[in-house]
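S.K.: Give the three-dimensional model of this entry:
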Amino acid sequence: MSFVRFLARPMLASSFVLAGLDKLKNADDTAEQLSPMLRRASESLPFPTSEKVLARVIGGTQVGAGVLFALGKYARLSATVLAVISALNTFVEWRSADISTKEGREARRNQLLKSISLTGGVLLASVDTAGKPSLAWRAEHFTADAKKNANQLAAEAKKTTGKQLHKADKAVRKAVDHAVGA
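M.R.: Numbers count the residues shown, from 1 in each chain. Now for the predicted structure:
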């Protein structure tokens, strides 16, 4: 892991870990803030659950993904989870912000920009391969190498077959010439 990643991942993850701990600590407030979405989510689950439990699950997921990301373990997966949670939080905070005053509108805008910036950061991290090729790149190059090898094998087979046919043709002509001359 590069020095920049070593420093940047915990810095970026810290905001998510603290927000997740806050969600766990204040599950009632989180459930109230996320109520419209959590209500739909709890209704769509095949088992009964409360909005408060779902709020705790979201908070715990955010803490877990943040810690994994900070440690560089499953960094791309954890960054993707953080991006989804961040986008959800951004939407909910934007919807529930107080916009009745000029200060409230400014605070809403500033929070929106901060949240979008954090979401962008974890989105970038979710595609960061840390200098290692991605699975898509590996598959593409594996396919290209296989095609190149197959073409080389086919050319060699054609060349070998052509030589064998040429030898067989010479042998047949020699045998025909010998038979006609005899």
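
S.K.: After the least confident helix or strand in the chain by mean pLDDT, which helix or strand is next? Please name it.
M.R.: Between all helices and strands in the chain, the lowest mean by mean pLDDT, DSSP states H and E belongs to helix 35-44, at a mean of 73. For helix 35-44, the following helix or strand on the C-terminal side (DSSP states H and E) is helix 51-71.

S.K.: tell me the angle of that following helix relative to helix 35-44?
M.R.: Interaxial angle, helix 51-71 versus helix 35-44 (axes from the mean of the first three to the mean of the last three Cα atoms, to 10 degrees): 100 degrees.

S.K.: May I have helix 51-71 as PDB, with CA atoms only?
M.R.: Extracted in PDB, the C-alpha atoms of helix 51-71 (Å, rounded to 0.1, in the frame of the first residue of the first chain):
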ATOM      1  CA  GLU A  51     -37.200   1.000  11.900                       C
ATOM      2  CA  LYS A  52     -35.000   1.300  14.900                       C
ATOM      3  CA  VAL A  53     -33.300  -2.000  14.200                       C
ATOM      4  CA  LEU A  54     -32.800  -1.100  10.600                       C
ATOM      5  CA  ALA A  55     -31.200   2.300  11.700                       C
ATOM      6  CA  ARG A  56     -28.800   0.300  13.900                       C
ATOM      7  CA  VAL A  57     -28.000  -2.000  11.000                       C
ATOM      8  CA  ILE A  58     -27.200   1.000   8.800                       C
ATOM      9  CA  GLY A  59     -25.100   2.500  11.500                       C
ATOM     10  CA  GLY A  60     -23.200  -0.800  12.200                       C
ATOM     11  CA  THR A  61     -22.700  -1.300   8.500                       C
ATOM     12  CA  GLN A  62     -21.300   2.200   8.200                       C
ATOM     13  CA  VAL A  63     -18.900   1.600  11.100                       C
ATOM     14  CA  GLY A  64     -17.800  -1.800   9.800                       C
ATOM     15  CA  ALA A  65     -17.300  -0.600   6.200                       C
ATOM     16  CA  GLY A  66     -15.400   2.500   7.500                       C
ATOM     17  CA  VAL A  67     -13.100   0.400   9.700                       C
ATOM     18  CA  LEU A  68     -12.400  -2.100   6.900                       C
ATOM     19  CA  PHE A  69     -11.700   0.800   4.500                       C
ATOM     20  CA  ALA A  70      -9.400   2.500   6.900                       C
ATOM     21  CA  LEU A  71      -7.500  -0.700   7.400                       C
END
